[in-house]
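> Need a 3D model of the following:
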Amino acid sequence: MYKNLAGRAVLAWVAACCLSPALSQTPQTSQAPAKPPLKIGFVYVTPITDAGWVRQHEEGRKAVEAALGDKVKTTFVENVAEGADAERVIRDLAQQGNTLIFTPSFGYMEPTLKVAKDFPDVKFESVTGYKTAPNVATANARYYEGRYLAGVAAGRMTKTNMAGYVAGFPIPEVLQGINAFTLGMRSVNPAAKVSVVWLNEWFDPPKERDAAMALFNQNADVVAFHTGSTAVMAAAQERGKMAIAYHSDMRKVAPDAQLVAVTHQWGGYYTQRAKAVLDGSWKSGNLWGGVKEGMIRVGDFGTKVPKAVQDEVLARQKDIAAGKLQPFRAVAADVRDNEGRVVIAKGAQLSDEQILKMNWLVEGVQGRVTR
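Numbers count the residues shown, from 1 in each chain. So this is what the prediction gives:
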């Protein structure tokens, strides 16, 4: 009996060794916990519409999600006024665990810097800002390159030799655009002139529309704009005139009026910066990219634009990308402002610093800068 019991004990011990992971020393495979996604916040200065400044940044956000999938989790807050509201929203996004925050509006720069001091582990991207910090990078696009190209199209297409320009505020970025547009226009049509209406608003569709209508009444047959809505395009469509789309392709709003669109492409930059946070290579910096970097693109021609004009504009776009054409270079003669002063001497080219501090309007522009 004892012999049988002993035998059974041995068999039980052998079975335990074979079946028990602890006793058999079979190696265990344990999966590492999944890394949480990078939380990214975006702050928008106007509501998201079908086209415009905010629409292009929203497309950039979507591009990040498409490129990085479950590695990221994005959120946005729209229609955030510059100033105290912006600081509150940016701070809330940081407190909610977003470790990369994009703030694409010039008036968000100071609120971004203020919040960044309190959240040193959060990375901030101040788009159109110019002040950096260890955890704040800045980025902007050379919108003026696209404006110059649009001016070429306008100069070829105008019948009255008069263009209008609905402008938000007389800051350097807007002045660059007006001047580049005028230089592009006059490069193919020396008789062309540009009349400017200042709104002192970025987004006010009724005022934008009224300004466009006033310019049409003053003999402008093509209008450009630097504001936030599609109101100027809609006005051009209504009046049977021509217009330059800005930020986005706006042919849905103005299928007959649109000559060409100057579009902003943020997806590549936003994705690159998110990847840098994910792999630990993010650093503060200051990028000013344009046609060459793929941040500005001119195209989406309307049906009224002859192929020869399209080809000319696209050829000049290639020249800008290759560095062969600089909108603020005086090639054949001095460039003067609209008060007669030489602002670019023949053979000279403005430096980036001079472009960024631009405070004049070029010859051919009807309007004044409030200094």
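
> Quick one: the strands in the stretch 151-300 of the chain, in order.
Taking DSSP state E, counting those that start in this stretch, the strands of the stretch 151-300 of the chain run over residues 162-167, 193-198, 222-226, 242-247, 258-264, 286-289, 296-299.

> which stretches of the stretch 201-350 of the chain form helices?
205-217, 231-239, 267-279, 307-321 (DSSP state H, counting those that start in this stretch).

> Looking at those helices, which is nearest to residue 113?
Ranking the helices of the stretch 201-350 of the chain by distance to residue 113, with CB to CB as the measure, places helix 267-279 first at 17.5 Å. C-beta here means a position set from N, CA and C on the backbone, and glycine is covered the same way.

> and among the helices of the stretch 201-350 of the chain, the most buried is which?
When the helices of the stretch 201-350 of the chain are scored by mean count of other CB atoms under 10 Å, the highest mean neighbour count falls to helix 231-239 (a mean of 24).

> Could I get the average pLDDT for stretch 361-371?
Mean pLDDT, taken over the full extent of stretch 361-371, equals 87.

> what does that stretch rub up against?
Residues outside stretch 361-371 that contact it (CB atoms under 8 Å, 6 or more residues apart in numbering) are 165, 170, 175, 178-179, 182-183, 185-186, 192-198, 335-338, 340, 343, 359-360.

> now it: how far from the chain's centre is it?
Offset of stretch 361-371 from its chain centre (CA atoms, centre = their mean, to the nearest Å): 26 Å.

> can you dump the C-alpha coordinates of it into PDB?
Coordinates of the C-alpha atoms in stretch 361-371 are reproduced here as PDB (Å, rounded to 0.1, in the frame of the first residue of the first chain):
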ATOM      1  CA  LEU A 361       3.200 100.000 -50.400                       C
ATOM      2  CA  VAL A 362       4.800  99.600 -53.800                       C
ATOM      3  CA  GLU A 363       4.300 102.000 -56.700                       C
ATOM      4  CA  GLY A 364       1.000 101.200 -58.400                       C
ATOM      5  CA  VAL A 365      -0.900 100.700 -55.200                       C
ATOM      6  CA  GLN A 366      -3.600 103.200 -54.300                       C
ATOM      7  CA  GLY A 367      -3.700 103.300 -50.500                       C
ATOM      8  CA  ARG A 368      -1.700 104.200 -47.500                       C
ATOM      9  CA  VAL A 369      -0.100 102.400 -44.600                       C
ATOM     10  CA  THR A 370      -1.000 103.700 -41.100                       C
ATOM     11  CA  ARG A 371       2.300 104.200 -39.400                       C
END
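
> mind starting the numbering at 55 from now?
Will do, 55 is the new start, and the previous item becomes stretch 415-425.

> can you pull the buried residues of that stretch?
Buried residues in stretch 415-425, counted by 16 or more other CB atoms under 10 Å: 415-419, 423.

> just stretch 241-261 next, same as before
By 16+ other CB under 10 Å, the buried positions in stretch 241-261 come out as 241-243, 246-253, 256-259, 261.

> how far does it stretch from start to finish?
Stretch 241-261 has an end-to-end distance of 31 Å (CA to CA, to the nearest Å).

> Now that stretch: average pLDDT?
pLDDT averaged over stretch 241-261 gives 94.

> picking that back up, and which of the buried residues of stretch 241-261 is nearest residue 109?
Distances from residue 109 to those, taken as CB to CB, are shortest for residue 257 (12.2 Å).

> Now do the contacts for that closest one.
Going by CB under 8 Å, 6+ apart, residue 257 touches 99-100, 281-283.

> neighbours around the nearest residue to residue 322 once chain neighbours are set aside, how many?
Once flanking residues are discounted, residue 322 sits nearest to residue 348: 5.7 Å by CB to CB, 6 or more residues apart in numbering. Per other CB atoms under 10 Å, the neighbour tally for residue 348 reads 14.

> Quick check, residue 348 in contact with residue 319.
Yes. Judged on CB atoms under 8 Å, residue 348 makes contact with residue 319 at a distance of 5.8 Å.

> about what we covered before: check the buried residues of stretch 415-425 and tell me the two furthest apart.
In terms of CB to CB, these reach their longest pairwise distance at 418 and 423, which sit 14.5 Å apart.

> tell me, how many neighbours does residue 187 end up with?
Per other CB under 10 Å, the neighbour tally for residue 187 reads 15.

> roughly how far apart are it and residue 152?
17 Å (CB to CB, to the nearest Å).

> before we move on, what about residue 124?
Separation of residue 124 from residue 152 (CB to CB) stands at 16 Å.

> More neighbours: these two, which one.
residue 152 (23 against 9).

> Mind telling me what element the more buried one is part of?
Element membership for residue 152 (DSSP states H and E) is empty, with no helix or strand holding it.

> What are the contacting residues of stretch 169-176?
Here stretch 169-176 makes contact (CB under 8 Å, 6+ apart) with 141, 144-145, 148, 152-155, 178, 187-190.

> no wait, stretch 139-156
Under CB under 8 Å, 6+ apart, the answer for stretch 139-156 is 92-97, 111, 115, 129, 131, 134, 157, 159, 161-162, 165-166, 168-169, 172-173, 175-179, 181, 324, 327-328, 331, 336.

> Now that stretch: buried residues?
Within stretch 139-156, the residues that count as buried by 16+ other CB under 10 Å are 140-141, 143-145, 147-148, 152-156.

> same thing with stretch 96-115?
Residues of stretch 96-115 classed as buried: 96-100, 103, 105-115 (neighbour count, 16+ other CB under 10 Å).

> Poorly predicted segments of this protein, please.
55-87, 425 (pLDDT under 70).
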